[in-house]
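1. Pasting the sequence and the predicted model now:
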Amino acid sequence: MAYSASATSSRDAKSTWIGQSIPRIEDAALLSGGGRFMDDLALRSDTLYAAFLRSPHAHAEITAINAEAARRADGVVAVLTGDDIKALTASLVVGVKAPVECWPMAVGHVRYVGEPVAVVVATDRYKAEDGVDLVEVKFRALTANVDPSKALSPDSPVLHEGFGGNIASDRSFRYGDPEKAFEAAPHRFSIDVRYPRNSCTPIETYGVIAEYSASEDAFDIVANFQGPFSIHAVISRALKVPGNRVRLRTPPDSGGSFGVKQGVFPYIVLLAAAARAVGRPVKWIEDRLEHLTASVSATNRVTTLSAAVEDDGKIRALDWDQVEDCGAHLRAPEPATLYRMHGNLTGAYDIGNVAVRNRVVLTNKTPTGLNRGFGGPQVYFALERLMQRIAIGLNLDPLDVIRRNLVSADAFPYRTATGSLLDSGNYQEALRRGVQGGALDELKMRQRDARAAGKLYGIGYAAVVEPSVSNMGYITTVLSAADRRKAGHKNGAQATATVALDPVGSITVHVASVPQGQGHRTVLAQVVADVFGLTPSDVRVNTEMDTTKDAWSIASGNYASRFAAAVAGTAKLAADRIAARLARAAASQLNTDAEDIVFAEGFVRSRRNPDNKVTFARLAALSHWAPGTLPEGVDQTIRETVFWTPPELTPPDDEDRINSSLCHGFIFDFCGVEIDRTTLTTRIDRYVTMHDCGTILHPGMVDGQIRGGFAQAFGAALLEEYAYAPDGSFLTGTFADYLLPTAMETPDIVILHMETPSPFTPLGAKGVGEGNCMSTPVCIANAVADALGVADIELPLVPAKLADAVWGVEPPPPAIGKPKRKAEKGGRQLVGEGSAKVASPAATVWAMLLDPSTLKAVIPGCHSVERISDTHFLAEVTIGIGPVSGRYRAEVVLSDLDEPRAVTLGGSAEGALGFGGGEGRITLSPEGNGTRVNYEYEALIGGKVASIGGRLLDGAARAVIGQFFTALAREAGGSGVATPSLWQRMRHLLARRQ
């Protein structure tokens, strides 16, 4: 079925709202503080609040949980552990067929840092957090898998026994005759890529309010959930009730998502189970540390890509080997990130032979999910890096290699080797316009001048296809053809829209697509206003979602850049149907033919006789006030709901070809970068991005989507990476270490457009919101590689990585003085030293170090110290570091005693904040009428505390240890600290400011 990009023929064609950058309807409320987000919603007076105890270990067995103290705490109503949740729910759906359970809370084992271990429900969030500190959990730590390549090994520790290893899926595909093409080609080029793990970071984090009705055995849940609503079935199954007993609603506004908020669904199950257990509504708002540590992230991927290439750079075949790291659990919809791009593995290029091997592995990292670009950055980083390597290897211009391989303009619709149907485009013309409009020749002159001056300057390119409107069936490509037939075929991309007319002729539009700031209300008002000849202010759009009252389908939701192409187009179809019936009613009243009727300027009139007219409001109200006056054969004109799915989205065929998306935009990017020779920092000199997204509905918002996608991609290229220690400790849990670009760092870009409308969508529109997330990281990387003259390069392009690429890995510094104890691998290592002057003899200080009452007085945040033996103590302490605080159970052992001159303090601690261990050497030496106390320490910390930022941790450790020795000096009548601690300097600075 083909659709014209033009508007309905019954509308006055003089002007249209589509294509205008009108002010956004949403902004009046949002910019004046009138938005209603998840945490703004009214609550029942008996609502309780939840807080989570999360695992400090990446991989461990839970040997015991003691929650009695927490249950007795003030305000605590319930403490639920994994066994409690298991009794109330069913396992979440696993992304492949395997005898594996996936619970929303740890049951028996923890498999990533931040995995929920217990949920405390209390009368307010503060008391719930206090209760979390009182839950005691004993773990038996296990070896963690962090590297996906190592996780492939049969000797690697197994996360889930049901998989028989850590490989959840291993599938090979063959299209055309790649073996013959590689044998015949004169050249073979290969590239190895390790694409890092990163994530999107919306301003608003996860939020859930869950209520259970025992009388109806039904749940009412509000969550800032973006869909897809395929997860509704997962939620109802997990809660062990039919789907019609799970009411899922969304707030009017959402503070961003970029895909991430699809991952809230395990917490929806958890909060709903908690509400059932306590018999009252339960609310939870995620904090930022929780979000970075334990929500969802994009997958990291290891790829080897090879190409069979002719002398002129023409590619005859590709061989993909992809290893996808989906983290600790293969939750639905994963491994969708790997298969969403399966039909587009040849990108914008005409390549007829492809071999593919896809392996999905599990590691002790946060489970993965939807993230902006969703599989595209990983694919195009490998493909477009390979294009540059081919050009360099054959001594060709990279742009010529790109041109030579592009799908030709007369080939559309073009079927790729792996199955995608590229709907429309003229890639060569887009390149020509991009080169001309972006002044590439002038940029090349700047490069020549910069290099002549001894500067490091490079130019990079990327040409990518941006798929949009995902085919639900693409994920089933993970199954064999026989398994797909047994399970039943899945395909399509059903979109839903309702247009309604009220008794005074006002128009309301509702769609099953929950926006996260994209401007749905504005664009839908434009689309529907055009159909009825009205202004956008005459149309009110409701984008809230209520699954018990609103029209929706399993494919509904806001994902895969489907709004403009599918959702807005479906709203137009619904409006067209009502308009057609209204035209027949108007024709009867105006004594003319329906084909003569036009809608314009608030009237419905005759095209031949414009004075022969009726107001739109009067005509639209007929079905309410006078349905008997409607002509025979004209149905009601009150409401129309359209469910639309394009026939082009078919299931995978028996040869595993899949048209994984309906429509395909095109992006051509190039940029010039300069790298500082001393600091190796990268500066974007110019960035040009040419887009063909079909019919542009709102130019201003299209450019806004492009700029937003570029900003996120700029961060992925130069700053962002989820970092894990070898033991699985998460190291980037705050914005001190997980760096995001701000408006200060993000450069302005040159945006160019052309339009080739899609023949497959009602408005001719294609998606545009994800494209630069796919094209920009590799474009910048190609420019940096060109500037430095290196073959291999890894994201993010931080100076330290560039230094390794340019100068090789820096050797460790030589040991100075006595050798230090070698730290264990994993976690964060903290080291420090200092000294204090104590106005007491060494023997007195020595005795104090062995006295529990003195230790309690001088240990910061100490609640109690228990002597186990003369050299063995147990302590309960509360420590706050930056944005988090927690209660620790610490064990301290004294060794290497040299009374009264030196002692070694070694120990370990574990609590909700994380775990740690280390040792410090204290030496006592006479000085004047007192004693000089010197100390040096090494500590290794992991879990939640390791996530809060290296710089913050180092300062906090110095502060805490400084407090200890300051207090020790004070207890012994000391005269101060010779080397001021960070804590003292901060106190002094604050005192001066007061």
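-> Ah, there it is. Remember, predicted model here, so these are calculated numbers, not experimental data. Numbering: from 1, shown residues only.
2. Spit out the contact partners of Thr615.
-> Thr615 makes contacts with Gly505, Gly602, Phe603, Val604, as judged by C-beta atoms under 8 Å, 6 or more residues apart in numbering. In this view, the C-beta of every residue, glycine as well, is placed from N, C-alpha and C.
3. Can you flag the buried ones in the residues you listed?
-> Among the contacts of Thr615, those classed as buried by 16 or more other C-beta atoms under 10 Å are Gly505, Phe603, Val604.
4. and of these, the nearest to Thr363?
-> Nearest to Thr363, judged by C-beta to C-beta, of these is Gly505 at 58.6 Å.
5. Go ahead and confirm the closest one touches Leu622.
-> No - the criterion here is C-beta atoms under 8 Å, and Gly505 misses it with Leu622 at 9.1 Å.
6. Once you drop chain neighbours, what's closest to Ala69?
-> Leu134 (4.3 Å; C-beta to C-beta, 6 or more residues apart in numbering).
7. typo on my end, Arg245
-> Ala218 (3.9 Å).
8. show me the contacts for the one you found.
-> Here Ala218 is in contact with Tyr212, Val241, Arg245, Val246, Arg247 (criterion: C-beta under 8 Å, 6+ apart).
9. Please apply the same query to Ser153.
-> Contacts of Ser153 (C-beta under 8 Å, 6+ apart): none.
10. Where does it sit: helix, strand or coil?
-> coil (DSSP: H, G, I helix; E, B strand; the rest coil).
11. Can you tell me how far it is from Glu324?
-> 16 Å (C-beta to C-beta, to the nearest Å).
12. cool, and Ala122?
-> From Ala122 to Glu324 the distance is 40 Å (C-beta to C-beta).
13. that older thread, of the buried ones among the contacts of Thr615, just say which sits nearest to Val531.
-> Val604 (11.8 Å).
14. tell me the pLDDT at that closest one?
-> For Val604, the model assigns a pLDDT of 97.
15. what are the bridge partners for it, then?
-> Assessed by DSSP bridges, Val604 has beta-bridge partners Phe599, Val614.
16. list the contacts for it?
-> With C-beta under 8 Å, 6+ apart, Val604 has these contacts: Gly533, Leu582, Ala583, Ala586, Ile597, Val598, Lys613, Val614, Thr615, Phe616, Leu619.
17. Let's have those residues in TSV, adding distance to Gly771.
-> Shown next, in TSV, are the contacts of Val604 (distance: C-beta to C-beta, whole Å):
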residue	distance to Gly771
Gly533	34
Leu582	38
Ala583	38
Ala586	42
Ile597	40
Val598	37
Lys613	44
Val614	45
Thr615	43
Phe616	38
Leu619	42
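18. filter the residues you listed to the buried ones?
-> Buried among the contacts of Val604 by 16+ other C-beta under 10 Å: Gly533, Leu582, Ala583, Ala586, Ile597, Val598, Lys613, Val614, Phe616, Leu619.
19. Could you look up the SS state of the second one?
-> Read that as Leu582. Going by three-state DSSP: Leu582 is helix.
20. picking that back up, export the contacts of Val604 to TSV and append columns for pLDDT and distance to Leu849.
-> Shown next, in TSV, are the contacts of Val604 (pLDDT from 0 to 100; distance: C-beta to C-beta, whole Å):
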residue	pLDDT	distance to Leu849
Gly533	96	87
Leu582	97	89
Ala583	97	92
Ala586	96	95
Ile597	96	95
Val598	97	93
Lys613	96	96
Val614	96	95
Thr615	96	91
Phe616	96	87
Leu619	95	91
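21. So which of these is the closest to Gly708?
-> Nearest member of the contacts of Val604 to Gly708, counting by C-beta to C-beta, is Gly533, at 32.9 Å.
22. ok, and the closest non-adjacent residue to that closest one?
-> Nearest to Gly533 is Phe599, by C-beta to C-beta, 6+ apart, at 3.2 Å.
23. tally of neighbours for the one you found?
-> Phe599: 25 surrounding residues under other C-beta atoms under 10 Å.
24. That one against Leu619, yeah?
-> No - applying C-beta under 8 Å, one finds Phe599 not in contact with Leu619, separated by 9.5 Å.
25. tell me, what's touching those two both at once?
-> Leu582.
26. on that earlier part again, need the pLDDT of the residue nearest to Gly533.
-> At Phe599, the pLDDT value in this model is 97.
27. repeat for Gly976
-> Value listed for Gly976 in the pLDDT field: 43.
28. Could you do Pro515 as well?
-> 92.
29. Which residue is the nearest non-sequential neighbour of it?
-> Closest to Pro515 by C-beta to C-beta, 6+ apart is Thr543, at 5.3 Å.
30. so the one you found touches Gly519, yeah?
-> No - assessed by C-beta under 8 Å, Thr543 is found out of contact with Gly519, at 10.3 Å.
31. the more surrounded of these two?
-> Neighbour count, other C-beta under 10 Å: between Thr543 and Gly519, Thr543 has more, with 22 against 19.
32. That one: what's it in contact with?
-> Pro252, His510, Val511, Ser513, Val514, Pro515, His520, Arg521.
33. quick one, phi psi at the fifth one?
-> In this entry, Val514 is assigned phi and psi values of phi -90, psi 120 (degrees, to the nearest 10).
34. So it sits against Gln226, correct?
-> Yes - with contact defined as C-beta under 8 Å, Val514 reaches Gln226; the gap is 5.3 Å.
35. so where's the stretch 101-250 of the chain uncertain?
-> Judged against pLDDT under 70, the stretch 101-250 of the chain has no low-scoring part.
36. send the alpha carbons of stretch 486-494 over as CSV?
-> Listed next in CSV are the C-alpha coordinates belonging to stretch 486-494 (Å, rounded to 0.1, in the frame of the first residue of the first chain):
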residue,chain,number,x,y,z
LYS,A,486,6.2,-23.1,16.1
ALA,A,487,5.8,-19.8,18.2
GLY,A,488,3.7,-18.1,15.6
HIS,A,489,4.8,-15.2,13.4
LYS,A,490,5.0,-11.7,14.7
ASN,A,491,5.3,-8.6,12.6
GLY,A,492,3.9,-5.1,12.0
ALA,A,493,4.0,-1.8,13.8
GLN,A,494,0.5,-0.9,14.7
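37. List the buried residues for it?
-> Lys490, Asn491, Gly492, Ala493, Gln494.
38. same thing with stretch 540-559?
-> 540-543, 545, 547, 550-559.
39. burial count for the closest residue to Pro631 other than its chain neighbours?
-> Excluding its sequence neighbours, the residue lying closest to Pro631 (C-beta to C-beta, 6+ apart) is Ser588, at 4.2 Å. Ser588 has 15 neighbouring residues, counting by other C-beta under 10 Å.
40. quick one on the thing from earlier: name the nearest of the buried residues of stretch 486-494 relative to Ala711.
-> Distances from Ala711 to these, taken by C-beta to C-beta, are shortest for Ala493, at 27.7 Å.
41. what sits against the closest one?
-> Per C-beta under 8 Å, 6+ apart, neighbours of Ala493: Val469, Ser470, Asn471, Met472, Ala555, Arg562, Ala566, Thr645, Pro646, Leu649, Leu662.
42. Kindly recompute the last result at 10 Å.
-> By C-beta atoms under 10 Å, 6 or more residues apart in numbering, the contact set of Ala493 is 228, 468-473, 553, 555, 560, 562, 565-566, 644-646, 648-649, 661-662.
43. Repeat that for Pro796.
-> Taking C-beta under 10 Å, 6+ apart as the test, what Pro796 contacts is 196, 198, 715-721, 739, 777, 780-781.
44. what two of those are the furthest from one another?
-> Leu739 and Ala781, at 17.3 Å, using C-beta to C-beta across the contacts of Pro796.
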